[in-house]
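pasting a predicted model and its sequence here:
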Protein chains: 2
Amino acid sequence: MTYTYLEQHIRCIPDFPQSGILFRDITPLLRNQLHATIDALASLLSDDEWQAIDAIVGVESRGFIFASALAYAKNKSFLVVRKPKKLPPPVNSVSYSLEYGQDTLEMSSQFVGQRVLVVDDVLATGGTLAATCQLCQQSGHSIEQMLILINLADLNTFTWQGLTPRALFRYGSE
Amino acid sequence: MTYTYLEQHIRCIPDFPQSGILFRDITPLLRNQLHATIDALASLLSDDEWQAIDAIVGVESRGFIFASALAYAKNKSFLVVRKPKKLPPPVNSVSYSLEYGQDTLEMSSQFVGQRVLVVDDVLATGGTLAATCQLCQQSGHSIEQMLILINLADLNTFTWQGLTPRALFRYGSE
């Protein structure tokens, strides 16, 4: 299944936020097709797969947009992964390398043992997604599935313990 | 109407993120009652009021959680207000003062003339909400309503051109 009726609302911006980067602007998609986009993302999992999920994990900040609406649509718990110092203690914390410098993500360690779906907007090098999966594991959750709006497939071959993220849109040389 | 069945999922954390602040932790609410919370927020507007709204404006980053799920639930456009340098040009930009220093918010200037509902999680001093309303006005939108999860009513008497934000939870001395 292709989603060209949705994909046409993603705008390509060359050299943003810096030279050499082709930025995928999803704001027209959010403006024009939010409901259909959430339903299309939801359709990437079967009913049985949805039944095996207790909670949806959203990554700050654009991941919140998709994770929250999916959690509403499928009536699931919503768990947040946030930048440092936003969540009150107790939290688990994972630091990871970026092209320049490093970043840290945090997740509450108070709520454990959920079967989770991890949701984010863009999968590029996979650093954020790997850190999120590590956080889920540290917090005692089992990762059932990963859903991504856009997979920039030339930049990663991301899997987590044999599990491959599913994406609505895939951009790559293949 | 009171929402004590939802309010019990908001945890009060003294002295976070700094001494003297009573932080309202909404993560248990998101975990346990996301769907009911969105429906309760939606019920603060009448059907006629919902019909007069084209788009929901969400403020980065926790505002995204409520704005996106509401936009899904009510099948509305979703417009984002973001921190600087996140949105590709052209954007409108508003700077405002914080207790220490200042902050800036941005909104696309490409999409104009919508009747909008502004959504955010917490209304404290009102600086963020005022900047968001200014951005909407600069972008040619008309602000129909404002919906807030938590109004810390001792910290503000916020109105925008005669319009008062509606809040699911109100904390104050009255």
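Now that the structure is in, tell me what you want to look at. Numbering: from 1, shown residues only, chains lettered A, B, ... in the order given.

in space, what's closest to A:Lys83 - neighbours in sequence excluded?
With C-beta to C-beta, 6 or more residues apart in numbering or on different chains as the measure, A:Glu60 is the residue that lies nearest to A:Lys83, at 5.6 Å, once sequence neighbours are left out. Glycine gets a C-beta too; all of them are placed from N, C-alpha and C.

now A:Asp48: which helix or strand?
Under the criterion of DSSP states H and E, A:Asp48 resides in helix A:47-51.

mean confidence (pLDDT) on that helix, please.
Within the predicted structure, the mean pLDDT of helix A:47-51 is 98.

what do you get for stretch A:142-155?
According to the model, stretch A:142-155 has a mean pLDDT of 97.

centroid-wise, who is the farthest residue in chain A?
A:Ser19 (25.0 Å; C-alpha atoms, centre = their mean).

could you measure from that one over to A:His35?
Here the distance between A:Ser19 and A:His35 works out to 36 Å (C-beta to C-beta, to the nearest Å).

give me the residue at the spatial middle of chain A.
Centroid-nearest residue in chain A, with C-alpha atoms, centre = their mean: A:Asp120, separated by 1.3 Å.

which residues touch the nearest residue to that one once chain neighbours are set aside?
Setting aside the residues directly before and after it, A:Asp120 is nearest to A:Gly63 in space (C-beta to C-beta, 6+ apart), at 4.2 Å. For A:Gly63, the contact set (C-beta atoms under 8 Å, 6 or more residues apart in numbering or on different chains) comprises A:81, A:119-121.

quick one, phi psi at the residue nearest to the centre of chain A?
Backbone dihedrals for A:Asp120, given as degrees, to the nearest 10, come out at phi -150, psi 170.

so it makes contact with A:Thr128?
Yes: using C-beta atoms under 8 Å as the test, A:Asp120 is close enough to A:Thr128 to be in contact (6.6 Å).

what touches both of those two?
Any residue near both A:Asp120 and A:Thr128 by C-beta under 8 Å, 6+ apart counts here, and that gives A:Val59.

backbone phi and psi for the residue in chain A positioned nearest to chain B, please?
Among all residues of chain A, A:Ser61 sits closest to chain B, at 3.4 Å; criterion: C-beta to the nearest C-beta. When quoted as degrees, to the nearest 10, the phi and psi of A:Ser61 stand at phi -110, psi -30.
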